[in-house]
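Enquirer: next comes the sequence, and after it the predicted model I'd like to discuss.
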Amino acid sequence: MDIATVIGLGLGVAMMGLGVVSGGLAIGDLIDIPSILITFVGAAAATIISFPWTSTTGVTAVIKKAFQNPTFDLPNLITTLVSFSEKARREGLLALEDDINELPEEFLKKGIQLVVDGTDPELVRNIMETEISNTAGRHFYGRSWLDAYAGFAPGFGMLGTLIGLVGMLKNLGGGDASAIGQGMATALITTLYGSLAQNLLAAPLVRKLTRRSEDELVIKQVMVEGTLSIQSGDNPRIVKEKLASFLTPSERAALKEEGE
Amino acid sequence: MDIATVIGLGLGVAMMGLGVVSGGLAIGDLIDIPSILITFVGAAAATIISFPWTSTTGVTAVIKKAFQNPTFDLPNLITTLVSFSEKARREGLLALEDDINELPEEFLKKGIQLVVDGTDPELVRNIMETEISNTAGRHFYGRSWLDAYAGFAPGFGMLGTLIGLVGMLKNLGGGDASAIGQGMATALITTLYGSLAQNLLAAPLVRKLTRRSEDELVIKQVMVEGTLSIQSGDNPRIVKEKLASFLTPSERAALKEEGE
Amino acid sequence: MDIATVIGLGLGVAMMGLGVVSGGLAIGDLIDIPSILITFVGAAAATIISFPWTSTTGVTAVIKKAFQNPTFDLPNLITTLVSFSEKARREGLLALEDDINELPEEFLKKGIQLVVDGTDPELVRNIMETEISNTAGRHFYGRSWLDAYAGFAPGFGMLGTLIGLVGMLKNLGGGDASAIGQGMATALITTLYGSLAQNLLAAPLVRKLTRRSEDELVIKQVMVEGTLSIQSGDNPRIVKEKLASFLTPSERAALKEEGE
Amino acid sequence: MDIATVIGLGLGVAMMGLGVVSGGLAIGDLIDIPSILITFVGAAAATIISFPWTSTTGVTAVIKKAFQNPTFDLPNLITTLVSFSEKARREGLLALEDDINELPEEFLKKGIQLVVDGTDPELVRNIMETEISNTAGRHFYGRSWLDAYAGFAPGFGMLGTLIGLVGMLKNLGGGDASAIGQGMATALITTLYGSLAQNLLAAPLVRKLTRRSEDELVIKQVMVEGTLSIQSGDNPRIVKEKLASFLTPSERAALKEEGE
Amino acid sequence: MDIATVIGLGLGVAMMGLGVVSGGLAIGDLIDIPSILITFVGAAAATIISFPWTSTTGVTAVIKKAFQNPTFDLPNLITTLVSFSEKARREGLLALEDDINELPEEFLKKGIQLVVDGTDPELVRNIMETEISNTAGRHFYGRSWLDAYAGFAPGFGMLGTLIGLVGMLKNLGGGDASAIGQGMATALITTLYGSLAQNLLAAPLVRKLTRRSEDELVIKQVMVEGTLSIQSGDNPRIVKEKLASFLTPSERAALKEEGE
């Protein structure tokens, strides 16, 4: 469980509840089924048009990712790569073949396999970086459904309010102040929903997924640099120095101690 | 038929209908011919100024594309390119000449023809990538009519509302509450139309066309990489590995099985 | 005459007229000289500050361009360049000297002259691309006056409305509903003007000029590629293939037929 | 004096005055000392936080620049550089030493001095382009104070209006229409100030300074190209051709005539 | 203490206080605990979702940085690097080993150590620039929490106002003008808070941190260029010239005098 997603959502919902109570309303006063449909399903409709159907069916898997903890461990990866580099210097590149299956990541396995197979370094980089850039593209497409949703939600909230206002205004003559107030209150609820869908749900999740993706791509970039350093037979100390540049100062200090 | 475009549009229209009914209005209350003309034709007028006349006449063809299913099949293309690469290694580049006409795509035909003709690899890449970047530009121009329309629609919606408000306010003195309400309701309808034109029609279609174009350009990029790999006589296994980097993990797994 | 600019403007003005009539107003109700000055001249004032004085005096020439038809013909240019390439292969680069004056474009003349003079290819590209990038910059500056105007117009429209509202509110106590309505109607007119100046005039013209400029720069890019191909003595068939990458599929088909 | 800045400011102030008069107000009705402080000083406060203290103290020098005429003369610079190139070809690079002090610009002096000292061309370019990019950065920082101010001004205008509205609404019960109108009018004045500060002052000055900076950087780029051409002993005719690519067509024609 | 941050905040708070007083309110009238929670905690909730939990716990350290004075001294660094370059020319690169520990910066120590160890220059640049780009990324992530907060604050302010308006409108019938005014005033307070959180707190701090980061990265870039110049044995005069390109004209003049 990603604790930040859970805490943030809980806190946000609590604050909205506080607003409702301190505004002299009951929670039920803000729940209006047609308004929910117009705003949430309407924004979903516009988003569905915007994407291939598979993006829409795959969006729950994407959202789930924002609730899960990331699993990568960069310092650990660097330690593994350095040990591979030492082994390759001692026993040759072919000796790595036995260790490939122990690697935790398909992407790194593939890279080391290419190296063991004696592929040209330029080509190894080319293949690995093409995959990185296509992974980046896939991540981008995955979260862009939510991003589009975040963009459409306030628009559909406003559409609901406009329709509600027109309805209320058409009957302005016959109504008393109380009825007018009720009409406007109902009309405003979709604007509230649209803003909530954007600000508390879709936009924060898009940001979380963006950051998650960037972290994963750095991991993959370290794998590329490590693989190529191993192939070119760099000094393991240099490999460590080079890959440590991707760490934060505190991670780097930890890595240093451990290595000595 | 692109199912997502159809489902999304249907859903969106249904939600708007629900809003009308739950707002105590009849559908007819929201249909006002002058308002339709001011918003939709007004926004079209601004868009027409923005482009060459041929862009305006060609926009229906562009819109139609958003309703059609894409036809490309990336894994299949890769299989074809790998088999070409094997043939070229066995029988030489000239042997590919007979197979060119079987290729499904003008762009790939041209690339392989250049290779068979013995064109310099640098030039092959140059010619193919120039065409890709010009195709990208054409796609961009095609959808930018709709993109401009999406941008102008809310502006013309607001213009209609402003004109309506001025009309209503000029006669404020003589009118009763009911007439004022009617006037404001009518004035607001163009804002509603403008928002609808942007959020349910133009903006989602622009997004769909953008994604469609990006997918087509990836296909073309795979064709370039494949053509150049064939020309340089790369090992077919490497060609497959290289092109597979453009696939999603699941497509890649499928390709692997099939190849063994 | 650029037909799209004329049709679009006519249509846009007609739609605004329709709005006025259907809102129960006379055209004269929306014409208010001080409001026109505040919005249109005010936005011009801010734009004048933003640029060198020569940009302001040159803006009518820029606007005029959006009403004129473009004159370039890309397929025709390619045919000329291919014939130059053939002549250069047959008779040497010096033989092109006689044909330079027939060329329709200063930029291409200069390029071919440099080639005939035996200038280093790297330098030819350098000189031609510097000029392209400076032309792009000049086009950008030309239209950015209008772009700034499009950005300032709604702001000055709102300023006019704010001043009008303050005036109306200061006298709220003594006025009847009719006077208040009149005051607000007049205040709103500048917002309407500002939106009109942006949406129907300045923004569409900026888009048109942007596209016009991009088309001209592609032409110039084709001239660069053609000139350098001629200089390096490329096979005319290859020159044609290379330059044809800049064409649309239909233009390319036409070029092909003609060439055979 | 930069005439455009002066004319634009005068015109803008005149239009605002016209709005005041035609709205039935006296100029004094729009002058409210607390409102001025809240908007202008408030926006300055947020901008002061945003920058190092030296940026705030240096902003008047930056603003002054927008009122001064630029002093560079590109055609004249090119003529100088071409004559240097001729002299260097005739008498050697060392012969330029005597002319360095006649050069009007520190940056060019430094470049030619490096050439005379026999510095490696790659290093000359490196040193000069580093300085250009750092000059660009300094210009950017200089005007970004104003840019931030332009962004904060409407926000503080709105803050003032919100505070005013809360004050007015809190006393809604006891007040008559006249008092309410007065309250709202005063509340709106800060929004008006914020918009004015952005649209008539800060944003146009930022645009002017941006353009000014770009023009200066082009001058410096010409100096780099000229210096390197002189060092590599290019033919003066080629130097002229190359540098002339940075001119407008009319400047280029003038340069040509003069040179013959 | 960063004096600009303190002065700006003090000034901003004073201006808001002035607005309150001149609007006929007491400070207490604008303090409403539920409104504070809805806006400030609500925006924090959305931001918490957007980031890993460690970003949220680390944000106070980031904010503290905006209140501290930067400690780097670029001219001094250049003097140090030039003296290192002189020593390396006189006594060889190994002689620098003793001076490494005197260096004030981990990053420069590491670079010089790599040089002393005889690492390949390409690799030294690679390692150092990887670290710069990862430092830039870390700075970016550090301030992006605040940036997201600045973006969410107005949204939650509006959400609070919408909830308040719905509450007020639901009870419109029974209330007198005074109660309506009180309701609207309270509803507006969250919008005011949201705007304040963005304009006076988060957005200026983000700008300050951005600038601070850019300054630090320039320092690091100078360290890279200096280290590589030392390694390649450049003439100390050239090293000075090269690094001086990163200085402002006045810093450069000061450096020159001191050096002579």
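Expert: Alright, I've got the coordinates.
Enquirer: all contacts plus neighbour counts: C-alpha atoms, from now on.
Expert: OK.
Enquirer: for chain D, what is the nearest residue in the stretch 151-260 of chain A?
Expert: Nearest residue of the stretch 151-260 of chain A to chain D (C-alpha to the nearest C-alpha) works out as residue A:177 at 16.8 Å.
Enquirer: hang on, isn't that residue packed against residue E:170?
Expert: No: with contacts defined as C-alpha atoms under 8 Å, residue A:177 does not count as touching residue E:170, sitting 10.2 Å away.
Enquirer: the two: which is more packed in?
Expert: residue E:170 (22 against 15; other C-alpha atoms under 10 Å in any protein chain shown).
Enquirer: contact partners for the more buried one?
Expert: When contacts are counted by C-alpha atoms under 8 Å, 6 or more residues apart in numbering or on different chains, residue E:170 touches A:178, A:181, A:182, A:185.
Enquirer: out of those residues, which is most surrounded?
Expert: residue A:185 (27 neighbours).
Enquirer: identify the residues contacting it.
Expert: E:165, E:166, E:167, E:169, E:170.
Enquirer: list the contacts for residue A:21?
Expert: Here residue A:21 is in contact with residue A:27 (criterion: C-alpha under 8 Å, 6+ apart).
Enquirer: which element is it on?
Expert: helix A:3-22 (DSSP states H and E).
Enquirer: can you give me the distance of the residue of the stretch 151-260 of chain A closest to chain D to chain B?
Expert: Computed as C-alpha to the nearest C-alpha, to the nearest Å, the residue A:177 to chain B distance reads 12 Å.
Enquirer: again with residue A:120
Expert: Taking C-alpha to the nearest C-alpha, one finds residue A:120 at 10 Å from chain B.
Enquirer: let me see the confidence value for that residue.
Expert: With respect to pLDDT, residue A:120 has a value of 90.
Enquirer: for it, what are phi and psi?
Expert: Phi and psi for residue A:120, reported as degrees, to the nearest 10, are phi -60, psi 130.
Enquirer: need the residue closest to the centroid of chain A.
Expert: residue A:209 (0.9 Å; C-alpha atoms, centre = their mean).
Enquirer: next to chain B, which bits of the stretch 1-150 of chain A? Give me the list.
Expert: A:34-35, A:37-38, A:41-53, A:126-128, A:130-131, A:134-135, A:138 (C-alpha under 8 Å from any C-alpha of the partner chain).
Enquirer: put the buried members of these into a ChimeraX selection.
Expert: The following ChimeraX line selects those of the residues of the stretch 1-150 of chain A next to chain B that are buried, judged by 16 or more other C-alpha atoms under 10 Å in any protein chain shown:
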select /A:34,35,37,38,41,42,43,44,45,46,47,48,49,50,51,52,53,127,128,130,131,134,135
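Enquirer: okay, and which of the residues of the stretch 1-150 of chain A next to chain B map to helices?
Expert: Among these, the members found in helices (DSSP state H) are A:34-35, A:42-50, A:53, A:126-128, A:130-131, A:134-135, A:138.
Enquirer: what's the lowest-mean-pLDDT helix or strand in chain A in contact with?
Expert: In chain A, the helix or strand scored least confidently by mean pLDDT, DSSP states H and E is helix A:249-259, which has a mean of 75. Helix A:249-259 has contacts (C-alpha under 8 Å, 6+ apart) with A:75, A:79, A:244, A:245.
Enquirer: how about those residues, which pair is most distant?
Expert: Spanning the widest gap among those are A:79 and A:245, at 13.5 Å by C-alpha to C-alpha.
Enquirer: so which of these two has more stuff around it?
Expert: Using other C-alpha under 10 Å, the more surrounded residue of residue A:79 and residue A:245 is residue A:245, with 21 against 17.
Enquirer: could you check how far the spatially closest residue to the more buried one that is not a sequence neighbour is from chain C?
Expert: In space, and not counting its chain neighbours, residue A:245 is closest to residue E:131: 4.6 Å by C-alpha to C-alpha, 6 or more residues apart in numbering or on different chains. Distance of residue E:131 to chain C, given as C-alpha to the nearest C-alpha: 34 Å.
Enquirer: what are the ranges of the helices in chain A?
Expert: Using DSSP H, helices in chain A cover A:3-22, A:33-36, A:42-50, A:53-57, A:59-67, A:74-91, A:106-116, A:121-170, A:177-196, A:203-231, A:236-244, A:249-259.
Enquirer: same for the shortest one, what does it pack against?
Expert: Helices and strands in packing contact with helix A:33-36 are listed as helix A:177-196, helix B:3-22; criterion 3 or more C-alpha pairs under 8 Å, 6 or more residues apart in numbering or on different chains; DSSP states H and E.
Enquirer: now do the buried residues in the last one.
Expert: Of the residues in helix B:3-22, those buried under the neighbour-count criterion (16+ other C-alpha under 10 Å) are B:4-6, B:8-9, B:11-22.
Enquirer: got the angle between it and helix B:203-231?
Expert: 170 degrees (axes from the mean of the first three to the mean of the last three C-alpha atoms, to 10 degrees).
Enquirer: model confidence over helix B:3-22, on average?
Expert: 94.
Enquirer: and that helix with helix B:59-67, angle?
Expert: Interaxial angle of helix B:3-22 relative to helix B:59-67 (the same axes, to 10 degrees): 100 degrees.
Enquirer: for helix B:3-22, what is the distance to the chain centroid?
Expert: Once both centres are worked out by C-alpha atoms, centre = their mean, to the nearest Å, helix B:3-22 turns out to sit 21 Å from its chain's centre.
Enquirer: go on, stretch A:226-242?
Expert: With C-alpha atoms, centre = their mean, you get 31 Å for stretch A:226-242.
Enquirer: just the endpoints, please. Distance across that stretch?
Expert: 9 Å (C-alpha to C-alpha, to the nearest Å).
Enquirer: can you list contacts of that stretch?
Expert: Contacts of stretch A:226-242 (C-alpha under 8 Å, 6+ apart): A:78-79, A:81-86, A:88-89, A:93, A:108, A:111-112, A:115, A:121, A:124-125, A:243, E:126-127.
Enquirer: buried stuff in it?
Expert: A:226-231, A:233-234, A:236, A:238-242.
Enquirer: how about stretch A:79-93?
Expert: So for stretch A:79-93, counting by 16+ other C-alpha under 10 Å, buried means A:79, A:81, A:82, A:83, A:84, A:85, A:86, A:87, A:88, A:89, A:93.
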